[in-house]
Each structure stands twice: as C-alpha cells, then as structure tokens.
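> One predicted model, sequence on top.
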Amino acid sequence: MHIVVVDPSRVVLKVISSLLVPRGHVVDTFTDSREALDFVTTNISVTALITSLEVRPLSGLELCWSARLLAEAHRPLYIIAMSSARNARNLAEALDSGSDDFIDKPPGAEELYARLRAAERMTEMQRELIRLAETDTLSGLLNRRAFLQRVTDMADRAGDHGRLSLVTADIDHFKRINDEHGHDVGDTAIQSVSRLFAETSDAAVGRMGGEEFAIALPGRTLEEAESVAGKLRLRCTQMRLRGSRGPVALTCSFGVSTWSEGETVGSLLKRADIALYEAKAGGRNRVVSACTDLILARAG
C-alpha cells in the first residue's frame, strides 16, 4: 500500500516507517498536516492515511474529516487515527470525524500489521464498488455519469486557459446492424468499437448510451483531437464482425469540440454533439469539428 503517516514527532515517524517499509509498503511521512493533506489530495495512489490527533496546523480531527471528503470523491482511502491518549472521547471523536480505525501511539508491530491488513481488504472492496458504479456493463467503458464527472475534473484542472478537447462518436446505421444481423452482433459492434476507443492514450472514454460514445482528450488542441478522431474513423472502417451470413462491416461518425474560456462541460459536449449531427447529416463515416458560427445557428 501507499501510506501517508503524519505526526509531530520525527522519532515516531521513523519508528512507524521502519515497521512498514520492510513489509513492502510505500511510506511518506509529514510533520505538517496541511502538507500531508495536499500530498494525499494530489497523489491518488495513496490508499491509507495514519495520522496522530496531535498535529498542526490542521488538527488530527480536521485532517481526518478532510481526508474523508477525498474518499467520498470516488477513491479508496482508509484512515487510521492514532493517539497516546486512548480514551472513549478521543476514539468517538476520531470515528465521528471520518477515521475508519483508531490505534495507540506508538503502535505495536503486530497490531499495526493487522490494522493494515484490514485496510487492504476494505480499500480493495471500495475499489471494486467504485469500478462497478462507474463502469458500463456491456462496453467496459465509463458510464455517462462517471464520464461527465471525469471531464469536469479535467476541466477544473485545465482552467480557463488550458487545453481540453472532446470527441463524440456514433456507430452508423446501428439499427440496421441489429435488424439485419441480430442484437448479438449489435452488442459485438459496441464492444469492438469500445475496445478500439479505449486504446486512445491519455484519454477518458465513456459510453453515453446506446451506440454513442465520447472521448475526452486533456491537453489536446482541436487539430490534435481531429487527428485522433480521423485515425479512429479509419480503423472503424477496417473492422469486420462475425455474422451468421458472413463478415459485417461498420463505420462511425465523429464530432469534435475544444475547450474555450468560460465554457461549461455541458456546452463543450453540446458543441461536439452538434458537430456529430452534422457528420451524420453530411453522409456519415466522417469527422466534423464544431465552430462558433455553426453552434450559434443550431442553438438559436
């Protein structure tokens, strides 16, 4: 596990590290609780936080509460409070403030190992529950809600002047595939396209519903996103699905938009969807990018 340990005493930090590192854990230690919180916030690989109640500038209870909010933001995180003054009040306050467990300071080796084994079981369960809640069953991609949350997080990181582009895609004549070849082939088409889109590097990919998909590309310009969409379009034309009457070909249409200052995620998605509509209306199996004049005309 990747564990963050917070305590005002460097001696205590050294003792706990000496118990954990030989067991294969990655350990980062802090005497400053605010620095520890910043580190946990930006490093999603951290799955356990062990904090003394006697820390500053954030108290141990405040740190537990802030870390619990991170855990509620769909990431597994197990929080253990520790104190040299073990009493009913400290225990109750720590648990009420969001900690999952409480341990004496300094902790004994076997007790600490047992607590962390419980933490590993719990975080693995949390990780699986998060996966099930965020994943579209048929495609294995992010579901619509999880995808939009992921794009919102990307937009927050990008700010008004950062780069973020969005590609929406649709399997052409999907109803015809279902009608002529059966829903099993239709499901195979969705799965095959999903696997192809999932290969896109440094991207979040979601199934928005039915035969509709979206790909978020942080740090990419409109031209770079167009290039990604163009390569995916070509690879879709090369697909052949196994049907009862022979190979089944398919194509996809794509709409592309890019982040602009003051934009919302909803408007970014809407502009890509309008561009996708233009691609479908213009003959399908093509890539169309959103432009301001087009959007104003369609939205008006």
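Nice, I can see it.
> and the longest helix for the chain?
Secondary structure of the chain read by DSSP state H shows that its longest helix is helix 109-134.
> what about it, distance to the chain center?
The chain centroid and the centroid of helix 109-134 are separated by 19 Å under CA atoms, centre = their mean, to the nearest Å.
> Report the next helix or strand after it in sequence order.
helix 144-158 (DSSP states H and E).
> Give me the angle between the longest helix of the chain and helix 144-158.
Angle between the axes of helix 109-134 and helix 144-158 is 110 degrees (criterion: axes from the mean of the first three to the mean of the last three CA atoms, to 10 degrees).
> so what does helix 109-134 touch, helix or strand wise?
helix 10-20, strand 46-52, strand 78-83, strand 101-104, helix 144-158 (3 or more CB pairs under 8 Å, 6 or more residues apart in numbering; DSSP states H and E). Using the backbone N, CA and C atoms, a C-beta is placed for each residue, glycine as well.
> Quickly run through the sheet partners of the second one, with directions.
Spelled out, that is strand 46-52. Applying DSSP bridges, strand 46-52 is found paired with strand 2-6 (parallel), strand 78-83 (parallel).
> With respect to burial, which of those strands scores highest?
Most buried of those by mean neighbour count (mean count of other CB atoms under 10 Å) is strand 78-83; its value is a mean of 24.
> Can you show me the CA trace of the helix or strand just after that strand as CSV?
Per DSSP H and E, strand 78-83 leads on to helix 88-96 as the next helix or strand towards the C-terminus. Once non-C-alpha atoms are left out, helix 88-96 reads as follows in CSV (Å, rounded to 0.1, in the frame of the first residue of the first chain):
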residue,chain,number,x,y,z
ALA,A,88,-13.6,6.9,24.9
ARG,A,89,-13.8,10.6,23.9
ASN,A,90,-10.8,10.5,21.6
LEU,A,91,-12.0,7.3,20.0
ALA,A,92,-15.5,8.7,19.4
GLU,A,93,-14.3,12.0,18.1
ALA,A,94,-11.9,10.3,15.7
LEU,A,95,-14.6,7.9,14.3
ASP,A,96,-17.1,10.7,14.0
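> what angle do helix 88-96 and strand 78-83 make?
Going by the same axes, to 10 degrees, helix 88-96 makes 160 degrees with strand 78-83.
> Fine by me, we can end here.
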